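Visitor: here is the input, now give the coordinates:
(one chain, ligands or ions: 1)
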Amino acid sequence: MRHSVSREWLPPATWGTADRFYSCSFFFSLCVTPTDCTRAEIGATTSIFPFTEASSRYLKATRREQAATDARLFQNFPGAGSAEDAFFRFKADEGAQYDEVIEINLSELEPHINGPFTPDLSTPLSKFKETVKAEEWPEKLSAGLIGSCTNSSYEDMTRVESMVKAAEEAGLKPAADFYITPGSEQIRATLERDGTLETFTEAGGIVLSNACGPCIGQWKRHDGVEKGTLNAIFTSYNRNFRGRNDGNPDTMNFLASPEIVTAMAFAGSTTFNPMTDSLTTPDGKEFRFPAPHGLEGPQTPFEEGKDALKVLSQPPNANVEVAISPSSQRLALLEPFDAFPSSDLSGLRVLVKITGKCTTDTISAAGPWLKYKGHLPNISTNTLNTAFNAATGEVNVAYDLDGSQHTIPDLARKWKDEGRPWLVVGEHNYGEGSAREHAALQPRFLGARIIVCKSFARIHETNLKKQGVVPLTFAEEKDYDLIDAGDEVDTVGLYEMLQNGGQGEVSLRVRKKDTGKEVLIPTKHAVSKDQALFILAGSALNLLSKGI
Ligand code: SF4
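Guide: Residues are numbered from 1 along each chain as shown. You can find the predicted model right below:
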């Protein structure tokens, strides 16, 4: 369980019965955390919780009462649940075996704060102050940001509202900038109708648009922090990779629940613990945040929001011509990628060997680059521009075969223009992060045919295959040391494996750039039958456009 779903200050739940106590949106947070854009890299593909009374209430509040009625019918199915169960309850298969079982005692669970620069560095709230001091992280908090796809449910926001109201009544305002990002138009409109957003803005909070917003770097800071200045922000978002949120590699983003972020924003300090510490009110009194309380859902159904933001669907019309200005910097037609050759790949060159973390933000940075998402040539200018060169430790530096120095995307584009296909060598969890398709599209556009690394993040590995790039992992991790930038690479067995629907072994024959010596590196792959067809066609789109 992570920061984003922590239920601090809730009455303790009874062991093993959390599903009876918690709301549908709580389970949504719990499900989205391991499986969506957020934590897919840990390998989770599905999260399941029982259908409960809370699920029924949520469906009703979102005008889907019939779905709740239909779900209830299942309770009478044989094996659907015991007679004591009030609702249809999923049951584990008798004797089911699991790879791993994690037991969480919610009564003992403490809020955690994750970061900086990775969601995986977790510190319990009670230890955070001493960690900040020991690590010499900034003690001043520059901004607190709540909301996002995961943490802007009615319950989350009304719990925060209770805290803001209590602080306001004590005469307190947030000491740091305080931003709120509704995760959808429905929740924004409902929170506006019910006065919650007004509570935030009256306290000095700024309500941003219903979008990924600061989570993906689309946010204008107002606190005057210059790029290159070490500073700390707290967010209830899901990502905190270096440079992601505001393009400043020295911004430390700490992830916590909306309640903890809000408390920190009022304190303006990273060392505040709302469970034990007090703030001083303008009239000199001590103020301690009361336990947050909120409503599971609105008293009346959710607002649908502005008509203009509703999804319209029309049958496709193949005769409609998409007209794009040839001088547009924001839009460009996507040209189909070349099909895979009728042979193994030969003469590839290693563009760069990367060391350390290489997330989808490293491969395709967000923030100001997002305006080029519809223009693949332009956005490709950022490809791998924060990656660390394993040979030199430099960031965004690659060397051509003649030793001349380039940025990584510049050298990639040069090799594309010269007709020289290339590959990238990486370490663990390559492509960690979101489902960002551009992290696969851009290398493909610039001429990448293979990414070989110690391990992949699951979604990125799939995205590469969809764009016709072959993801391989070293059969022996130590073979990472055998291949370097500039080396020439042929594949052995790749074409046959693709033709056999993903069956077969693939090796890389590597000729060292400096000595010409050859070494054969065995690899592993996870190419399925469908994915083999994507790669052979050049991309999934190529294949789908043929109507196959
Ligand atoms: S970018 Fe952030 S807010 Fe947007 S879907 Fe991904 S995790 Fe959620």
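
Visitor: tell me how many other residues surround whatever residue of the stretch 351-500 of the chain ends up closest to the ligand.
Guide: As assessed by Cβ to the nearest ligand atom, the ligand sits closest to S434 within the stretch 351-500 of the chain, at 4.9 Å. Any C-beta I mention is one placed from the backbone N, CA and C, and that applies to glycine too. Per other Cβ atoms under 10 Å, the neighbour tally for S434 reads 27.

Visitor: what does E108 give?
Guide: So E108, with other Cβ under 10 Å, has 7 neighbours.

Visitor: can you tell me the element it falls in?
Guide: Using DSSP states H and E, E108 sits within no helix or strand.

Visitor: confidence score at it?
Guide: Here the pLDDT value assigned to E108 is 82.

Visitor: okay, it and the ligand: tell me how far apart.
Guide: 28 Å (Cβ to the nearest ligand atom, to the nearest Å).

Visitor: still on that earlier bit, thought the residue of the stretch 351-500 of the chain closest to the ligand was touching R244?
Guide: No - look at S434 against R244 with Cβ atoms under 8 Å: they stay out of range, at 9.7 Å.

Visitor: what touches both of these two?
Guide: I216 (Cβ atoms under 8 Å, 6 or more residues apart in numbering).

Visitor: before we move on, the earlier item: backbone dihedrals for the residue of the stretch 351-500 of the chain closest to the ligand, please?
Guide: For S434, the backbone dihedrals (degrees, to the nearest 10) come out as phi -100, psi -170.

Visitor: and the closest residue to T386 other than its chain neighbours, helix, strand or coil?
Guide: Excluding its sequence neighbours, the residue lying closest to T386 (Cβ to Cβ, 6 or more residues apart in numbering) is T362, at 5.0 Å. Three-state assignment for T362 (DSSP: H, G, I helix; E, B strand; the rest coil): helix.

Visitor: which ones are touching T362?
Guide: Here T362 is in contact with F241, I354, L384, T386, A387 (criterion: Cβ under 8 Å, 6+ apart).

Visitor: confidence score at it?
Guide: According to the prediction, T362 has pLDDT 94.

Visitor: with D85 instead?
Guide: Confidence score, pLDDT, at D85: 51.

Visitor: kindly report the same for R2.
Guide: R2 is given a pLDDT of 33.

Visitor: and N114, backbone torsions?
Guide: phi -110, psi 130.

Visitor: residue contacts, it?
Guide: So N114 contacts R2, H3, D120, L121, S122, T123, N240, F254, L255, A256 (Cβ under 8 Å, 6+ apart).

Visitor: buried set for stretch 538-548?
Guide: G538, S539, A540, L541, N542, L543 (16 or more other Cβ atoms under 10 Å).

Visitor: run through the residues that contact the first one.
Guide: Read that as G538. Per Cβ under 8 Å, 6+ apart, neighbours of G538: P336, F337, D338, A339, F340, G468.

Visitor: which among those residues count as buried?
Guide: F337, F340, G468.

Visitor: for this protein, which residues score under the pLDDT cut-off?
Guide: Scanning the chain for pLDDT under 70 picks out the ranges 1-21, 32-45, 74-92, 548.

Visitor: tell me which of the buried ones among the contacts of G538 fall in helices.
Guide: Among the buried ones among the contacts of G538, no residue falls in helices (DSSP state H).

Visitor: look up how far the ligand lies from N114.
Guide: Counting by Cβ to the nearest ligand atom - N114 and the ligand are separated by 13 Å.

Visitor: quick check: the closest residue to R63 other than its chain neighbours vs the ligand, distance?
Guide: Distances taken as Cβ to Cβ, 6+ apart place P301 nearest to R63, at 5.6 Å, with adjacent residues excluded. Separation of P301 from the ligand (Cβ to the nearest ligand atom): 25 Å.

Visitor: go on, F534?
Guide: 24 Å.

Visitor: do the same with S346
Guide: Separation of S346 from the ligand (Cβ to the nearest ligand atom) stands at 39 Å.

Visitor: shouldn't that residue be in contact with Y495?
Guide: No - judged on Cβ under 8 Å, S346 makes no contact with Y495 at a distance of 10.5 Å.

Visitor: pick out whichever of the two has more residues nearby.
Guide: Y495 (18 against 13).

Visitor: who's in contact with stretch 215-229?
Guide: 142-143, 145, 148-149, 176-177, 179, 181, 206, 208, 211-213, 231, 235, 237-239, 244-251, 365-368, 370, 434.

Visitor: let's see 6 Å
Guide: Residues outside stretch 215-229 that contact it (Cβ atoms under 6 Å, 6 or more residues apart in numbering): 142, 148, 177, 213, 231, 237, 239, 244-246, 248, 250, 366-367.

Visitor: can you tell me which of those are buried?
Guide: Among the contacts of stretch 215-229, those classed as buried by 16+ other Cβ under 10 Å are 142, 148, 177, 213, 231, 237, 239, 244-246, 248, 250, 366-367.

Visitor: of all those, which two lie farthest apart?
Guide: Across the buried ones among the contacts of stretch 215-229, no pair lies farther apart than S148 and D250, at 22.4 Å, counting by Cβ to Cβ.

Visitor: the residue nearest to R63: neighbour count?
Guide: Neighbour count of P301, defined by other Cβ under 10 Å: 14.

Visitor: that one and L334: what is the separation?
Guide: 40 Å (Cβ to Cβ, to the nearest Å).

Visitor: go on, L172?
Guide: When L172 is compared with L334 (using Cβ to Cβ), they lie 51 Å apart.

Visitor: more neighbours, these two?
Guide: Ranked by neighbour count (other Cβ under 10 Å), L172 and L334 place L172 first, with 19 against 12.

Visitor: quick check on the more buried one: phi, psi?
Guide: The phi/psi pair for L172 (degrees, to the nearest 10) is phi -100, psi 150.

Visitor: what parts of the stretch 401-548 of the chain come near the ligand?
Guide: S434 (Cβ under 6 Å from any ligand atom).

Visitor: how about the strands in the stretch 401-548 of the chain?
Guide: Ranges of strands in the stretch 401-548 of the chain, per DSSP state E, counting those that start in this stretch, are 405-406, 422-425, 448-453, 470-474, 488-492, 506-511, 518-524.

Visitor: just checking, what packs against the last one?
Guide: Meaning strand 518-524. Applying 3 or more Cβ pairs under 6 Å, 6 or more residues apart in numbering; DSSP states H and E, we find strand 518-524 packed against strand 506-511.

Visitor: at 10 Å instead, please
Guide: For strand 518-524, the packing partners by 3 or more Cβ pairs under 10 Å, 6 or more residues apart in numbering; DSSP states H and E come out as strand 448-453, strand 470-474, strand 488-492, strand 506-511.

Visitor: format those as JSON lines; extra columns: distance to E394 and mean neighbour count.
Guide: JSON lines is the format used below for the helices and strands packed on strand 518-524 (distance: least, Cβ to Cβ, whole Å; neighbours: other Cβ atoms under 10 Å):
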{"stretch": "strand 448-453", "distance to E394": "19", "mean neighbour count": "24"}
{"stretch": "strand 470-474", "distance to E394": "23", "mean neighbour count": "23"}
{"stretch": "strand 488-492", "distance to E394": "22", "mean neighbour count": "20"}
{"stretch": "strand 506-511", "distance to E394": "23", "mean neighbour count": "20"}
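
Visitor: enumerate the residues of the stretch 51-200 of the chain near the ligand.
Guide: With the criterion set to Cβ under 6 Å from any ligand atom, the stretch 51-200 of the chain comes near the ligand through S148, C149.

Visitor: in this protein, which helix is the longest?
Guide: Ranking each helix of the chain by length (DSSP H) puts helix 154-169 first.

Visitor: now that helix: how far from the chain's centre is it?
Guide: Centroid displacement of helix 154-169 relative to its chain, using Cα atoms, centre = their mean, to the nearest Å, is 27 Å.
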